[in-house]
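Chemist: Sequence below, structure please.
(4 chains)
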2 protein chains.
Amino acid sequence: MAKVSFREQVLRVREDAIVSSVNRLLAEKGFEAMTVDEVAADVGIAKASLYKHFPSKELLAAAAMVKVLERALAFLESTAKASPELSPLERLKAVVRWCLEVQLAGEMPSLPSQNSALRTTLMGHTPYLDCLMTVSETLGEWIVAAQAAGDVDPTLPPEVVLYTLFARACDPVLGVLKAGGQYTDEQVIDLLVRTSFGGLAAR
Amino acid sequence: MAKVSFREQVLRVREDAIVSSVNRLLAEKGFEAMTVDEVAADVGIAKASLYKHFPSKELLAAAAMVKVLERALAFLESTAKASPELSPLERLKAVVRWCLEVQLAGEMPSLPSQNSALRTTLMGHTPYLDCLMTVSETLGEWIVAAQAAGDVDPTLPPEVVLYTLFARACDPVLGVLKAGGQYTDEQVIDLLVRTSFGGLAAR
DNA sequence: GTCTATATCAAGATAGAC
DNA sequence: GTCTATCTTGATATAGAC
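Modeler: As a prediction, the model looks like this:
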């Protein structure tokens, strides 16, 4: 029993290493440009071994998405727990800030919404769907609460707000500003949080 | 002289057809998923003929980008000319609206900012750079004017406003709302213009 | 489960006749 | 310039030994 558990732990650690590599490579190069050979080389195992753990490139990406969604979920829970005094709007801002930080750290996998093989895999991947739904529901509650409090525009459909927040996870403006090199990471994040919630128009 | 001109016209028409196909396929599937075979089949010519016109897949994409930038430029000029009474802010909103309309029409090519071969080609493609610069300069003037008029947040760096506007050309929220099917095209566009300029927070 | 070696195939690009 | 046929490469995936 102990031996089995040990082996399972070793497996888990290895798979964690794989998913971490995938996560980083997905963030760096995107799904199409990332090759399975690269992943194997990055992890330091043979490609065939990799395929024993994850039977396809699409499932590799799915695992990476699950991992980042679990991280997001953990952040949501810690925010709700550790900072109950924060208003729903402040929480939503914190979520966007977290998204941008993860992106800046090169840990936000970006998947093409157009790739159909990948889409099919994701739509059939229960852990992914579960995580995505949980995150969406939590954010949805915060959004509705923020609207009720008069902090988020109540005339916007909540789902539009939700999608707009999700889109911050792959906002190309972040990379452009970062590449420009004339702002610190903190300034870039502040600018994007401001434009997301405050808009471009003067108040 | 007349004969040469005629031949050149035929060539131009053919290349226009090619670029139109590329434009549509890029909008539909993205750069990586679009294959040169598809383009050739769509245009109705052999692949080798295609390569006589455009020596690489990257140059095909560059031509598509130039075409859409030229369309954008024409829109900017017609807006400035036909509607001199519009405020700079209203013009900027019209530009975003135009971007979203082109996207909804399936005519907005979307290129991955990560692909390095493509990036290299674009950065060496003078017509592309020229068009991009002209568009950027025109928009930049409108942005500064809108800030001076107190309509656009004057505390935002103009370039941040510019990049945020450019990003509307590949906003994933558009596709998600469109796919949801519960809004008309006009409603989707209105929602995105509102969130872009007004932000998510209540006013 | 891990490895080396290989099958398989899709896609960018080209040769050469007309 | 257009075509058919082919080359070449790179990448997903697998076979089979240990």
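Chemist: neighbours around A:Ala33, how many?
Modeler: Applying other Cβ atoms under 10 Å in any protein chain shown, we find 16 residues neighbouring A:Ala33. (Glycine included, C-beta is placed from N, CA and C.)
Chemist: ok but it is inside a strand, no?
Modeler: No. Checked against DSSP: H, G, I helix; E, B strand; the rest coil, A:Ala33 lies outside a strand; its state is coil.
Chemist: Next up, the contacts around it.
Modeler: B:32, B:112, B:114-115 (Cβ atoms under 8 Å, 6 or more residues apart in numbering or on different chains).
Chemist: Restrict these to the buried ones and give me that as a PyMOL selection.
Modeler: The buried residues among those can be selected in PyMOL (16 or more other Cβ atoms under 10 Å in any protein chain shown) with this line:
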select buried, chain B and resi 32+112+114+115
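Chemist: Quick check: chain neighbours aside, which residue is closest to A:Phe54?
Modeler: Closest residue to A:Phe54 apart from its sequence neighbours, by Cβ to Cβ, 6 or more residues apart in numbering or on different chains: A:Leu60 at 4.7 Å.
Chemist: Please apply the same query to A:Gln114.
Modeler: Leaving aside its chain neighbours, A:Gln114 sits nearest to B:Gly30 (4.9 Å; criterion: Cβ to Cβ, 6+ apart).
Chemist: Does DNA strand D have contacts with the longest helix along chain A?
Modeler: Identified as the longest helix of chain A according to DSSP state H is helix A:2-29. No. Helix A:2-29 does not reach DNA strand D (Cβ under 7 Å from any atom of the strand); its nearest approach is 10.1 Å.
Chemist: elements contacting that helix?
Modeler: helix A:36-43, helix A:47-53, helix A:57-82 (3 or more Cβ pairs under 8 Å, 6 or more residues apart in numbering or on different chains; DSSP states H and E).
Chemist: What are the neighbouring residues in contact with the residue in chain A positioned nearest to chain B?
Modeler: Proximity of chain A to chain B (Cβ to the nearest Cβ) peaks at A:Gly199, 3.0 Å away. When contacts are counted by Cβ under 8 Å, 6+ apart, A:Gly199 touches B:153, B:195-201.
Chemist: rewinding a little: mean confidence for the longest helix of chain A?
Modeler: For helix A:2-29, the per-residue pLDDT values average out at 90.
Chemist: Likewise for stretch A:97-114?
Modeler: 96.
Chemist: Briefly note if it comes near DNA strand C.
Modeler: No. Stretch A:97-114 is not in contact with DNA strand C by Cβ under 7 Å from any atom of the strand; minimum separation 13.1 Å.
Chemist: Only the buried residues of that stretch, if you could.
Modeler: Buried positions in stretch A:97-114, judged by neighbour count with 16+ other Cβ under 10 Å: A:97-100, A:102-104, A:107-112, A:114.
Chemist: one step back: count of neighbours near the residue nearest to A:Phe54?
Modeler: A:Leu60 has 26 neighbours, counted by other Cβ under 10 Å.
Chemist: how close does it get to A:Tyr128?
Modeler: Separation of A:Leu60 from A:Tyr128 (Cβ to Cβ, to the nearest Å) stands at 12 Å.
Chemist: and if you look at A:Pro154?
Modeler: Distance of A:Pro154 to A:Tyr128, computed by Cβ to Cβ: 31 Å.
Chemist: The two - which one has more neighbours?
Modeler: Neighbours per residue (other Cβ under 10 Å) separate A:Pro154 from A:Tyr128, with A:Tyr128 holding more: 19 against 13.
Chemist: Contact partners for the more buried one?
Modeler: The contact partners of A:Tyr128, by Cβ under 8 Å, 6+ apart, come to A:62, A:65-66, A:69, A:122.
Chemist: Who wins on neighbours among those residues?
Modeler: Busiest of those [other Cβ under 10 Å] is A:Met65, holding 23 neighbours.
Chemist: who touches that residue in this structure?
Modeler: With Cβ under 8 Å, 6+ apart, A:Met65 has these contacts: A:109, A:111, A:122, A:128, A:131.
Chemist: Over to A:Val19?
Modeler: Going by Cβ under 8 Å, 6+ apart, A:Val19 touches A:60, A:63-64, A:67.
Chemist: can you list these in JSON lines and add distance to B:Val135 and pLDDT?
Modeler: Listed next are the contacts of A:Val19 as JSON lines, based on distance: Cβ to Cβ, whole Å; pLDDT from 0 to 100:
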{"residue": "A:Leu60", "distance to B:Val135": "39", "pLDDT": "98"}
{"residue": "A:Ala63", "distance to B:Val135": "41", "pLDDT": "98"}
{"residue": "A:Ala64", "distance to B:Val135": "36", "pLDDT": "98"}
{"residue": "A:Lys67", "distance to B:Val135": "39", "pLDDT": "98"}
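Chemist: just to revisit the earlier point, okay if I get the helices and strands packed on helix A:2-29 as TSV plus distance to A:Leu174?
Modeler: Converted to TSV, those look like this (distance: least, Cβ to Cβ, whole Å):
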stretch	distance to A:Leu174
helix A:36-43	24
helix A:47-53	30
helix A:57-82	16
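Chemist: For DNA strand C, find the nearest of those helices.
Modeler: Comparison of the helices and strands packed on helix A:2-29 against DNA strand C by Cβ to the nearest atom of the strand identifies helix A:47-53 as nearest, at 3.0 Å.
Chemist: and the closest one, which residues are buried?
Modeler: Those would be A:50, A:53, for helix A:47-53 by 16+ other Cβ under 10 Å.
Chemist: One more: stretch A:36-50?
Modeler: A:38-40, A:42-43, A:45, A:50.
Chemist: how many other residues sit next to the nearest residue to A:Ala117 once chain neighbours are set aside?
Modeler: Leaving aside its chain neighbours, A:Ala117 sits nearest to A:Glu58 (5.9 Å; criterion: Cβ to Cβ, 6+ apart). By other Cβ under 10 Å, 20 other residues sit near A:Glu58.
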